[in-house]
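Novice: Coordinates for the following, if possible.
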Amino acid sequence: MIHNLPDYELIERFMNGSQPSIEELINRYKTKVYTYILLMVKNQQLAEDLFQETFIKVIQSLKMHKYKDNGKFVSWVIRIAHNLVIDHFRKEKQINTCNNEDYESDLFNSSKFSAKNIEQLIVHDQIIKDVRKLIDELPDDQKEVVMLRHYGQLSFKEIAEQTDVSINTALGRMRYALINMRKMIEEKKLSLTYY
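Specialist: Numbering: from 1, shown residues only. Next comes the predicted model:
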């Protein structure tokens, strides 16, 4: 059964002409990759475009034998997505000027929150928005580590590889990001708790 095959075997099958293999790989990681892109660009239409572009590039790179399997296929895909996001912002010259409205997920339709009452949902939504604004105010290198760690769910080792820095530098950036966010919370007198 194709669903149970490891990534490297699906890649190998795709290289030998199996279309369902690449479809399985895309399905396996689409949520993680799309979520990462959406959180970076905060615009659903743009995220969908960059998501498609990412997998077009993945397919082209696989066909050109540019991927060397080291058990980190999803990290490699997220790195491609990350580079496309950076390229987009460079082209648009819009770093730090994205619209915050487009990206917010509809918490009211999420089954995860269906048991909460309406007040808790509103408070939760506000906390998410406040945290997002704090992250946006961080210096780019710190913001990048927070996004990769908490939204991309990458390990610090993967973050270090993806951003071409040492693990200690990645950890240091996260530490400074948290310190800066704590300061901003105090300065803005934000309450990031339910009660």
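Novice: gap between the residue positioned nearest the centre of the chain and Q153?
Specialist: Nearest to the mean C-alpha position of the chain, by C-alpha atoms, centre = their mean, lies Y36 at 1.8 Å. Distance of Y36 to Q153, given as C-beta to C-beta, to the nearest Å: 8 Å. All C-beta spots, glycine's among them, are computed from the backbone N, C-alpha and C.
Novice: Y34 too?
Specialist: 13 Å.
Novice: These two: who's more crowded?
Specialist: Y34 (17 against 13; other C-beta atoms under 10 Å).
Novice: Could you look up the SS state of the more buried one?
Specialist: helix (DSSP: H, G, I helix; E, B strand; the rest coil).
Novice: Do I have it right that T54 meets V33?
Specialist: Yes. Checked against C-beta atoms under 8 Å, the pair T54 and V33 is within contact range at 6.3 Å.
Novice: joint contacts of the two?
Specialist: In terms of C-beta atoms under 8 Å, 6 or more residues apart in numbering, T54 and V33 are both contacted by the residues V77, A81.
Novice: hmm, back to that, could you pull up the contacting residues of the residue nearest to the centre of the chain?
Specialist: Going by C-beta under 8 Å, 6+ apart, Y36 touches I78, A81, H82, M147, L148, Y151, G152.
Novice: quick check, nearest of those to M174?
Specialist: L148 (9.5 Å; C-beta to C-beta).
Novice: distance of the closest one from E161?
Specialist: In terms of C-beta to C-beta, L148 sits 11 Å off from E161.
Novice: Tell me which of those two has more neighbours.
Specialist: L148 (26 against 18).
Novice: so that one makes contact with S155?
Specialist: No. L148 lies out of contact with S155 (C-beta under 8 Å); the separation is 9.5 Å.
Novice: how many neighbours does the closest residue to S75 other than its chain neighbours have?
Specialist: Computed as C-beta to C-beta, 6 or more residues apart in numbering, the closest residue to S75 that is not its neighbour in sequence is E158, at 4.8 Å. Applying the criterion other C-beta under 10 Å, we find 21 residues in the vicinity of E158.
Novice: how about E158, what does it touch?
Specialist: K72, S75, L148.
Novice: three-state assignment of the last one?
Specialist: Spelled out, that is L148. Going by three-state DSSP: L148 is helix.
Novice: residue contacts, it?
Specialist: Y36, I78, H82, L154, E158, I159, Q162, T163.
Novice: ok, 7 Å please
Specialist: L148 sits next to L154, I159, Q162 when contact means C-beta atoms under 7 Å, 6 or more residues apart in numbering.
Novice: and of those residues, the nearest to A170?
Specialist: I159 (4.6 Å).
Novice: Quick check, pLDDT for L178.
Specialist: At L178, the model reports a pLDDT of 89.
Novice: Which of the helices or strands spans it?
Specialist: Assigned by DSSP states H and E, L178 belongs to helix 167-188.
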